[in-house]
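> Would you be able to build a 3D model of this:
(4 chains)
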4 protein chains.
Amino acid sequence: MTQDEPLRAAVVGAGYWGPNLARNFRNSPDWDLVAVCDLDADRARRVVGARSTVEVMTSTAELLARDDVDAVAIATPARTHASLALAALDAGKHVLVEKPIADGSARGREMVARAHEVGRVLMVDHTFCYTPVVLKMQELIATGALGDVLFVDSVRINLGLVQPDVDVFWDLAPHDLSILDFILPGGLVPRGVAAQGADPIGAGQPCVGYLTLPLAGGAIAHVHVNWLSPTKIRQMVVGGSRRTMVWDDLNPNQRLTVYDRGVVLDELTNGGKKAAVNVSYRLGDAWAPALPEREALGQMVAELAASIRQRRSPRTDGAAGLRVLGVLEASRRSLDHGGGLVEVEPAHPLLEVRA
Amino acid sequence: MTQDEPLRAAVVGAGYWGPNLARNFRNSPDWDLVAVCDLDADRARRVVGARSTVEVMTSTAELLARDDVDAVAIATPARTHASLALAALDAGKHVLVEKPIADGSARGREMVARAHEVGRVLMVDHTFCYTPVVLKMQELIATGALGDVLFVDSVRINLGLVQPDVDVFWDLAPHDLSILDFILPGGLVPRGVAAQGADPIGAGQPCVGYLTLPLAGGAIAHVHVNWLSPTKIRQMVVGGSRRTMVWDDLNPNQRLTVYDRGVVLDELTNGGKKAAVNVSYRLGDAWAPALPEREALGQMVAELAASIRQRRSPRTDGAAGLRVLGVLEASRRSLDHGGGLVEVEPAHPLLEVRA
Amino acid sequence: MTQDEPLRAAVVGAGYWGPNLARNFRNSPDWDLVAVCDLDADRARRVVGARSTVEVMTSTAELLARDDVDAVAIATPARTHASLALAALDAGKHVLVEKPIADGSARGREMVARAHEVGRVLMVDHTFCYTPVVLKMQELIATGALGDVLFVDSVRINLGLVQPDVDVFWDLAPHDLSILDFILPGGLVPRGVAAQGADPIGAGQPCVGYLTLPLAGGAIAHVHVNWLSPTKIRQMVVGGSRRTMVWDDLNPNQRLTVYDRGVVLDELTNGGKKAAVNVSYRLGDAWAPALPEREALGQMVAELAASIRQRRSPRTDGAAGLRVLGVLEASRRSLDHGGGLVEVEPAHPLLEVRA
Amino acid sequence: MTQDEPLRAAVVGAGYWGPNLARNFRNSPDWDLVAVCDLDADRARRVVGARSTVEVMTSTAELLARDDVDAVAIATPARTHASLALAALDAGKHVLVEKPIADGSARGREMVARAHEVGRVLMVDHTFCYTPVVLKMQELIATGALGDVLFVDSVRINLGLVQPDVDVFWDLAPHDLSILDFILPGGLVPRGVAAQGADPIGAGQPCVGYLTLPLAGGAIAHVHVNWLSPTKIRQMVVGGSRRTMVWDDLNPNQRLTVYDRGVVLDELTNGGKKAAVNVSYRLGDAWAPALPEREALGQMVAELAASIRQRRSPRTDGAAGLRVLGVLEASRRSLDHGGGLVEVEPAHPLLEVRA
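As a prediction, this is how the structure comes out:
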């Protein structure tokens, strides 16, 4: 493999998400899609399509034994992530894995450690972090345009089938949490998690859920995930001390609006003592940044290739996956204890968290 | 006073809301606005305007002593509601009072009891319950068009000044809670309240707040109130077993959309035992009911007149005000105890709750 | 009358629009509303309301004979404008007249000439020119932010009753034309007018209409007015060489959006001869200017007072009214001649057109 | 070829649109994409992609000589349509051709006649007629839900490069005209065409254009096409005697809204003579039909296959292409004659127009 030649990828899992990964590897100048692997050969064959020389495989062992595959993308159920990823890393492959990184933090940490040991890239498919709108939001926070983040409110009411072994938190919240991890200056390191859920249809698990995440400096993040409404709402409001931004993903003509308005706080003192606080608002224009039309997955596979070639961590690395997983696990504990605030276990004491 | 002649009203308080009440009493065929009363005569005079014979008064005692006033509308700070209302009732006046009904349940109950004793109407200005959109929402639930209510999610991000003695819950949530009380079949009788708040600007009290209200039958209501964003969002989603409705108050052309879609639950059994649940969605059209253009306050003063004339409880009576107040008080207790779920005190054991 | 005292107004006509004028004169610190005059005393009385000392009159002759009235606002059918306005001017009153200024240019010119002779203000109620959004549009063009105006496209599909003696052009187009007159740098001086109309319901006059107005420099303006759709659309697109702006009046949260995008024209030459033209687009952000919440009529009566006090022409003066009327008359001629382009008579050779 | 086996297609032209056709033939169960042909082999190769056995060809003669190709899709400039299509028909291939069908009616008629002679399908790619929203609009008119069509107003402000040999009418209006042809009960048979255009940037040809099309029964259609605005608007209003529908293609969540409102016409008679007309409005709910998410081109290639297999005319046949072309040619004549109304030449006296 030289810098000029495409890297060689294989996709494992031809279910809901695998075909999207396959299509993007195929369309990318950075990649050559060698094979699609699924226990169900017909399903894999449909992903590959007619008049194609991409190979169809049914054995991951055979796939990992090949030496013409540089990276493996794992799009299988979460409980299989760890064993597949560890085997792939041991076989010297770089690994892209769907969210959540694993079904438990211990296994997730093992994956991160193994990737470190064998010197291979381990990337988590936090797809939204590669959308133009989230990149712009991250930039607006990082450059100080928004000021300090005061609150984040995320709503994800989605058409999504209730799944037997995954509740609404594990299914949908990884999207919101991975976005928070990406846009918040220090990553997602909340001071705790409180979770409230409901199952009004008797599905046997929460179908409506709310996460409250107190952040450093008195800020707060809140996530609403909901399976029960066929009406789609995907909205995130990020309130800053200088500006407020609203992401409405269902308004493709103006996904992101930045309000050049802020809260102005005047402390009124009385004999040197704070007597009262006067809060007013600075009103200004709204602004909709031009966003390029780019498919997120295309950017994601490009970042995977770049991180492999530059021998560096990818943007959404294993540590990011662990931070998201830690919040999910804490949410489950909060639910089990009546919704009170619980602590989040640090992602990994031995791993450097993003500075 | 006969049925044909207008009733005679006086407004107490010429601050933020009083002028709106005065304007609506003036424009109503049911009412004759006799006087506006405020400690600040100039402020009251500005409400009355030029070339007007509506009287300006500065003493509530003098106002209540008049026998040409049938009803008094109280638009003063919450802490003054009880004493003013009790005095007015004792003087034989009907009373309309701003929300919240009082600054504490004990005083609120005293008001309700006194009105009962003296046989006068006590109405709370839950303005939103008189908007065409909320009336339609109530109707859609009451007629069964929505099916069972599964979840309610209300967002009220408002331009509003941080106030010295009222936090964001007491300022904004009465709107959402009074709407819930009006549209939910049995009124607002949650199984508890959990409240989370944040004060990221150091205002000395919560400026961002979340209420979670478990309802009967596994349903859940959730309220997000927020003072810190100059960006306005007023949205309520009510998910039902048959349909889902979305109220977007900032879309005047289509405030209410009803999605003719529902969750379909199939229980898969295995040897008579529930083995799994399969949830699917029935997709259908969306529908935006035609809503009349009517000012809510105009409807409200008409309902006040009708309830006086018909010697009946008004639509938003004192008991409704007590139910809202009870949730506000429980929220404060939840906040003081770390956000866990706390019980709501029954509105009044002696009062009949709306059937 | 001193600068400190309010001017004294009377409204003639208590039909559809008169009450709005009356309300704004009443609420304005610049004005004292003395009387409302209508042949139908009851109708006038309803405008005045209860507990008011504003006078109700039924004779315009008596009204004009009063010496405690400085200005008269005429909100009667167009065919009566000229005689009423001339009588008022002759009586020394300043005059505000509804659009269109008159039912014919000759009478309109007489009104303008008379106002000039007697030294009184003659103002036309081009209401939209006093809305914050149109003021902002005018500013964006005047300051060069938009570049040269390349095209204007205005759509006004309105709920409006078909009227016996006014077609859709005379009813609705004055709004669009008066806005064009206000925002275009040299006022509304088109190189001609082509009108197309349709009457698909057999109403006896056009109910759907299109105006095409070629402007100087190859630019073009186009107006679509329509009575037959109960669906309301009010949209104006102004394309400039530097930016394009879209006014959507039914989106109160973002009435005006300015697209920081423009057409880039590269002339490709071949041996010094223009061989081809390459047009590309410069893409940039969109921008929604903050607009104050102000009622247009309030601004309008303030401008009327200011022009009287400063002895100057008002913003929407008689000449503006004549330019709009001239286009309406030309439209009628174009319709009568199969829709071809016809010339517009100059507003008045003797009057200075706005520089 | 049997009913069970896919038909074999080749795409000619690998420019802007060809890749979309190729992708849809590839993804369709009805089709096997055999080859992509372009004078520029690299361009064709990029369409075919890596690890594919779809053939790349550079000679249409060689392509047409193959006997393993059933249908040829022509996505080349309009001036080449006729010669390519005639050669393909002569070689026994079915033909799909981009819009407009040809660069002149004479050549278009020759194509239609030849297809008839050789018994092959000639289909025009009027893509929008295969979108779920246009299909629904056609259905609502055909079933009488809309009542009689009173007016159609179509706006297409598009980001599109000014082209050297095609003006804005020929580039964009075919979309609107083909939709009109599809949804209007008798196809697009206007009583004439009036065209107004402008070239405010000196591009050498109209960049902004308006078409007015009087229809039978006093109805009217109007089309606004515009290249000069980078702001995209795609909106069509169809007013009917019973309902009005608005298609806003930039609102993917609610592309089509049907207003259950209509014009009510009361004729007031005086001694048996029509004295006046009173028009009022019946107000009702709005309704947004659920629309499936389907790519139009996928439906289009399916219809091509079905028409070939069923030996019938396709939905958008050559005659539809000729009707659209006839209006385009009449528009050019109207422009050349100052914008007056001109007649449209009948599509073909010898061809049956859609009943």
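> near chain C, which residues of chain A?
Neighbours of chain C within chain A, by CB under 8 Å from any CB of the partner chain: A:254, A:257, A:283-290. C-betas here are computed from N, CA, C, even on glycine.
> hey, where'd the helices end up in the stretch 201-350 of chain A?
A:296-309, A:318-336 (DSSP state H, counting those that start in this stretch).
> re earlier: pull the most distant pair out of the residues of chain A next to chain C.
Greatest spatial distance among the residues of chain A next to chain C (CB to CB): A:Leu283 and A:Ala290, at 23.6 Å.
> Next up, the contacts around A:Val168.
A:Val168 makes contacts with A:197, A:205-209, A:225-227, as judged by CB atoms under 8 Å, 6 or more residues apart in numbering or on different chains.
> Could you name the helices and strands sitting against the strand or helix carrying A:Val155?
In this structure, A:Val155 is located in strand A:149-157 according to DSSP states H and E. Strand A:149-157 is packed against helix A:168-183, strand A:220-226, strand A:233-240, strand B:149-157, strand B:220-226, with contacts defined by 3 or more CB pairs under 8 Å, 6 or more residues apart in numbering or on different chains; DSSP states H and E.
> export the ones you listed to a markdown table and tack on mean pLDDT?
Below are those laid out as a markdown table (pLDDT from 0 to 100):
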| stretch | mean pLDDT |
| --- | --- |
| helix A:168-183 | 97 |
| strand A:220-226 | 97 |
| strand A:233-240 | 96 |
| strand B:149-157 | 96 |
| strand B:220-226 | 97 |
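> Let's have the ones you listed in a markdown table, adding distance to D:Val124.
Below are these laid out as a markdown table (distance: least, CB to CB, whole Å):
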| stretch | distance to D:Val124 |
| --- | --- |
| helix A:168-183 | 43 |
| strand A:220-226 | 45 |
| strand A:233-240 | 38 |
| strand B:149-157 | 48 |
| strand B:220-226 | 52 |
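> quick one: A:Leu140 is in a helix?
Yes. Assessed with DSSP: H, G, I helix; E, B strand; the rest coil, A:Leu140 lies in a helix.
> Would you quantify the distance from it to A:Leu180?
15 Å (CB to CB, to the nearest Å).
> re the thing from before, also near chain B: which of the contacts of A:Val168, exactly?
Okay, of the contacts of A:Val168 touching chain B (CB under 8 Å from any CB), that's A:207-208, A:226-227.
> most neighbours, which of those?
Neighbour counts for those (other CB atoms under 10 Å in any protein chain shown) peak at A:Cys207, which has 30 neighbours.
> number of nearby residues for the residue nearest to A:Gln235 when sequence neighbours are not counted?
Distances taken as CB to CB, 6 or more residues apart in numbering or on different chains place A:Val155 nearest to A:Gln235, at 4.8 Å, with adjacent residues excluded. Using other CB under 10 Å, A:Val155 has 23 neighbouring residues.
> And A:Ala22, by the same measure?
Around A:Ala22 there are 25 residues (other CB under 10 Å).
> can you pull the contacts of it?
Taking CB under 8 Å, 6+ apart, one finds A:11, A:14, A:33, A:36, A:47-48, A:54 in contact with A:Ala22.
> swap the cut-off to 7 Å and go again
Counting by CB atoms under 7 Å, 6 or more residues apart in numbering or on different chains, A:Ala22 touches A:11, A:33, A:36, A:47.
> Closest one of the residues you listed to chain D?
A:Leu33 (7.0 Å; CB to the nearest CB).
> count of neighbours near the closest one?
27.
> does it have beta-bridge partners, and which?
A:Ala9 (DSSP bridges).
> surely it meets A:Phe25?
Yes. Contact criterion CB atoms under 7 Å: A:Leu33 and A:Phe25 qualify, at 4.2 Å.
> if I look at those two, which residues touch both of them?
A:Ala9.
> and which of the ones next to chain B among the contacts of A:Val168 is nearest chain C?
A:Asn226 (24.5 Å).
> And the residue nearest to A:Gln235, how close does it get to chain C?
According to CB to the nearest CB, to the nearest Å, A:Val155 and chain C sit 18 Å apart.
> who's in contact with that residue?
A:Val155 touches A:224, A:233-235, counting by CB under 7 Å, 6+ apart.
> which of those residues sit farthest apart?
Among the contacts of A:Val155, A:His224 and A:Arg234 lie farthest apart (CB to CB), at 10.7 Å.
> quick one: which of the two has more around it?
Between A:His224 and A:Arg234, A:His224 has the larger neighbour count (other CB under 10 Å), namely 26 against 18.
> Map the structural domains onto the sequence of chain A.
A:7-127+A:297-317, A:129-292+A:323-336 (automatic domain parsing).
> what distance separates the start and the end of the shortest one?
Spelled out, it's domain A:7-127+A:297-317. End-to-end span of domain A:7-127+A:297-317 (CA to CA, to the nearest Å): 19 Å.
> Find me the pLDDT at A:Gly349, would you?
Just to correct that, residue A:349 is Pro rather than Gly. Confidence at A:Pro349, expressed as pLDDT, is 50.
> For A:Ser280, grab the count of nearby residues.
Residues near A:Ser280, counting by other CB under 10 Å: 13.
> Hmm, A:Val264 and it touching each other?
Yes. Here A:Ser280 reaches A:Val264: they are 4.8 Å apart, a contact under CB under 7 Å.
> Distance of the closest residue in space to A:Ala41 that isn't next to it in sequence relative to chain D?
Residue nearest to A:Ala41 in three dimensions, not counting chain neighbours: A:Thr58, with 5.2 Å by CB to CB, 6+ apart. Distance, A:Thr58 to chain D, using CB to the nearest CB: 19 Å.
> A:Leu188 now?
According to CB to the nearest CB, A:Leu188 stands 30 Å off from chain D.
> show me the contacts for that residue.
Residues in contact with A:Leu188 (CB under 7 Å, 6+ apart) are A:177, A:180-181, A:323-324, A:327.
> out of those residues, which touch chain D?
Contacts with chain D are made by none of the contacts of A:Leu188, judged by CB under 7 Å from any CB of the partner chain.
> Let me have the residues you listed in CSV, adding neighbour count as columns.
CSV is the format used below for the contacts of A:Leu188 (neighbours: other CB atoms under 10 Å in any protein chain shown):
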residue, neighbour count
A:Leu177, 30
A:Leu180, 25
A:Asp181, 25
A:Arg323, 24
A:Val324, 29
A:Val327, 29
